[in-house]
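Novice: turn this into a structure:
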Amino acid sequence: MTENPTLTEKNLIEAHEASDVSAINGIVCLANILRMRDFLTDGETSAMYESMSLPFGLPKYAGNPAVQDLQLNLDLLFAGVIAPK
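Specialist: The predicted model follows:
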């Protein structure tokens, strides 16, 4: 990547946020596909959810409203994956 002197801190933060959302959506989508094909059990799906949720509950992040929104989004996405078939 070439250096772009016009990038602002806001640009970088927004790019990071978009990357995080993209990664979360991709992982949840993949989990849903694997569940539908019976390649991922309830326990494995729950373990994946717990693993992804762990950082959001760390004291360093838990009080951050933006992190709480990410956790809520993850909760809602995985609720659709873990719901009965």
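
Novice: can you show me the helices along the chain?
Specialist: Secondary structure of the chain (DSSP state H): helices located at 9-36, 42-53, 59-62, 65-82.

Novice: just for the protein, where's the confidence low?
Specialist: Judged against pLDDT under 70, the low-scoring parts of the chain cover residues 1-2, 4, 84-85.

Novice: coming back round to it: nearest to Glu3, of the helices of the chain?
Specialist: The minimum distance between Glu3 and those falls on helix 9-36, with 12.5 Å, by Cβ to Cβ. (Each C-beta comes from the backbone N, C-alpha and C, glycine too.)

Novice: residue closest to the middle of the protein?
Specialist: Centroid-nearest residue in the chain, with Cα atoms, centre = their mean: Ile24, separated by 3.1 Å.

Novice: same list, the helices of the chain, but as CSV with distance to Glu3 please.
Specialist: Listed next are the helices of the chain as CSV, based on distance: least, Cβ to Cβ, whole Å:
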stretch, distance to Glu3
helix 9-36, 13
helix 42-53, 33
helix 59-62, 30
helix 65-82, 28
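
Novice: how much space separates Ile33 from Ala66?
Specialist: According to Cβ to Cβ, to the nearest Å, Ile33 and Ala66 sit 28 Å apart.

Novice: tally of neighbours for Val28?
Specialist: Val28: 21 surrounding residues under other Cβ atoms under 10 Å.

Novice: which non-adjacent residue is nearest it?
Specialist: In space, and not counting its chain neighbours, Val28 is closest to Leu77: 4.4 Å by Cβ to Cβ, 6 or more residues apart in numbering.

Novice: hmm, Gly26 and the one you found touching each other?
Specialist: No - Leu77 is beyond contact range of Gly26, at 11.0 Å (criterion: Cβ atoms under 8 Å).
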